[in-house]
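K.L.:
Have a look; sequence and predicted model below, questions after that.
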Amino acid sequence: MTRPIAKAGVMSIKPYVGGESELDGRDDIVKLSSNEGAFGPSPLAQDAYAKSAAELHRYPDGGSTELRRTIGEIHGLNPAQIVCGSGSDELISLLCGAYAGEGDEVLYSQFGFLMYAISAKAAGATPVWATETDLTANVDALLAAVTPRTRLLFLANPNNPTGTYLPANEVARLRANLRDDILLVIDAAYAEYVVKGDYSPGIDLVDAGDNVIMTRTFSKIHGLGGIRLGWAYGPETVIDVLNRARGPFNVNAAALSAGAAAIRDQPFTAHCRDENLRVLAWTYQRLQNLGLNVTESVGNFLLVCFDNDPDRSAATADSYLKENGIIVRNVASYGLPDCLRITIGTDQEMHRVVDVLSRFMGKNSE
């Protein structure tokens, strides 16, 4: 018997597994496994979403016109250079499918987002990673890993799951030393959380040439992960390619309405950023005080690493947290088996995390 056979690259993919959300027998769960916004969506976004219900029998605007116009207005961008997608994941996949294939390579940093490798394989290309330094992307290592077959370079900045970032001058150096036929994709999913003066999400590099595109998401600070919405800003030539490759109605009507309202609500966005920064700093210090190895993060999460003692390992800590109703993210699939990624939640949630980990470490919480 014969049967349809998928491409080898597809069959080599280990499916992406999202953060857990349920624990048997518990209804008091604190879910800190998916880097979701701690405060949910803007009330304006919720209202816009609800109002869209009466028009769900209509196809959405295939060009995301109002959403692109609103994004352009808020960020000072040309709407013609913006494309929207069903999450930035879709845009990443479309970029790989459009610019890479059999015999090509897609480059990213060692602990970069798992979807880069998955999307590369799905396109038939070969994913290649470059060594990081202190859990941070290394420009020299990335440049050294470039070969004649490199077609795309993904840089998550800030990076998930480490929370580290490259300053603007280092990203500019990376761009300056890349061949013009390599597309640099700056994945700035966590850009809205960053308050560092030397950080840039990449808009300036998009404007400076023809081979840089920046992707963004509504799933993090805007709290809209459940409706899958993302966008990209790039040269008109690259945006034209994505518009040709995407589905004609790739963003649903409810997402378009909620997204436009969310990005207009800049006071709510600022509140989420400021509260995250405050709770992040508090949690970082408390976990450091417990003797844990915590990476400084500019996102809405912390990477917490444990030692090799079986009684104090990441796996043991993960189990203990679950026993106490707290779900975090095991990041062994990223090549970090000794670490857990903990999303920053509300004050109450993070106090609970610190209390549980204090007991786990045999110490008193402060």
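P.N.:
Arrived safely. Numbering: from 1, shown residues only.
K.L.:
what residues are up against the most centrally placed residue in the chain?
P.N.:
Centroid-nearest residue in the chain, with Cα atoms, centre = their mean: residue 189, separated by 4.6 Å. Contact criterion Cβ atoms under 8 Å, 6 or more residues apart in numbering gives 88, 156, 160, 215, 216, 217, 219, 220 as the residues in contact with residue 189. Where C-beta positions appear, they are placed from N, C-alpha and C, glycine not excepted.
K.L.:
Need the nearest residue in space to residue 299, chain neighbours excluded.
P.N.:
The shortest distance from residue 299 to any residue other than its chain neighbours is 4.1 Å, reached at residue 190 (Cβ to Cβ, 6 or more residues apart in numbering).
K.L.:
Tell me who's in contact with that neighbour.
P.N.:
By Cβ under 8 Å, 6+ apart, residue 190 lies in contact with 35, 158, 160, 220, 221, 298, 299, 300.
K.L.:
I'd like the distance between it and residue 37.
P.N.:
According to Cβ to Cβ, to the nearest Å, residue 190 stands 11 Å off from residue 37.
K.L.:
do residue 277 as well
P.N.:
Counting by Cβ to Cβ, the gap from residue 277 to residue 37 is 14 Å.
K.L.:
Neighbour count: these two, which is higher?
P.N.:
Taking residue 277 and residue 37 together and counting by other Cβ atoms under 10 Å, residue 37 has the greater number of neighbours (24 against 16).
K.L.:
Am I right that that one is in contact with residue 222?
P.N.:
Yes: distance between residue 37 and residue 222: 6.7 Å, which falls inside the contact criterion (Cβ atoms under 8 Å).
K.L.:
Could you give the number of residues near the residue nearest to residue 313 when sequence neighbours are not counted?
P.N.:
Taking Cβ to Cβ, 6+ apart as the measure, residue 313 lies nearest to residue 306, with 5.4 Å between them; neighbours along the chain are not counted. Other residues near residue 306 number 21, with proximity taken as other Cβ under 10 Å.
K.L.:
Residue 306 reaches residue 338, doesn't it?
P.N.:
Yes: in this structure, residue 306 sits in contact with residue 338. The criterion is Cβ under 8 Å, and the distance is 5.6 Å.
K.L.:
Identify the contacts common to these two.
P.N.:
Listed as contacting both residue 306 and residue 338 by Cβ under 8 Å, 6+ apart are 313, 314.
K.L.:
and residue 61, what helix or strand is that in?
P.N.:
Counting by DSSP states H and E, there is no helix or strand that carries residue 61.
K.L.:
gap between it and residue 255?
P.N.:
If you measure residue 61 against residue 255 using Cβ to Cβ, the figure is 11 Å.
K.L.:
Let me know the closest of the contacts of residue 190 to residue 151.
P.N.:
residue 160 (22.8 Å; Cβ to Cβ).
K.L.:
Touching, the closest one and residue 300? I think so.
P.N.:
No: between residue 160 and residue 300 there is no contact under Cβ under 8 Å: 9.8 Å.
K.L.:
shared neighbours of those two, which are they?
P.N.:
Shared contacts of residue 160 and residue 300 (Cβ under 8 Å, 6+ apart): 35, 190.
K.L.:
mind listing the helices for the stretch 251-366 of the chain?
P.N.:
Here the stretch 251-366 of the chain has its helices, by DSSP state H, counting those that start in this stretch, at 253-264, 266-289, 314-323, 347-360.
K.L.:
With mean pLDDT and distance to residue 238 as new columns, can the ones you listed be given to me in CSV?
P.N.:
What follows is those, written out as CSV (pLDDT from 0 to 100; distance: least, Cβ to Cβ, whole Å):
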stretch, mean pLDDT, distance to residue 238
helix 253-264, 98, 21
helix 266-289, 98, 27
helix 314-323, 96, 39
helix 347-360, 97, 40
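K.L.:
Among those, show me which one is buried the most.
P.N.:
Using mean count of other Cβ atoms under 10 Å, the stretch among the helices of the stretch 251-366 of the chain with the greatest mean number of neighbours is helix 253-264 (a mean of 24).
K.L.:
Residue 296 versus residue 141, what's the distance?
P.N.:
If you go by Cβ to Cβ, the gap between residue 141 and residue 296 works out to 20 Å.
K.L.:
give me the low-pLDDT residue ranges for the stretch 151-300 of the chain?
P.N.:
Along the stretch 151-300 of the chain, no part satisfies pLDDT under 70.
K.L.:
pLDDT value on residue 52, please?
P.N.:
Reading off the per-residue confidence, residue 52 sits at a pLDDT of 96.
K.L.:
same deal with the one 5 residues further on?
P.N.:
We have a pLDDT of 95 for residue 57.
K.L.:
Got phi/psi on it?
P.N.:
Phi and psi for residue 57, reported as degrees, to the nearest 10, are phi -80, psi -10.
K.L.:
okay, now it: neighbour count?
P.N.:
The number of residues packed near residue 57 is 6, by other Cβ under 10 Å.
K.L.:
The one 5 residues further on now?
P.N.:
The criterion is other Cβ under 10 Å. On that basis, residue 62 has 13 neighbouring residues.
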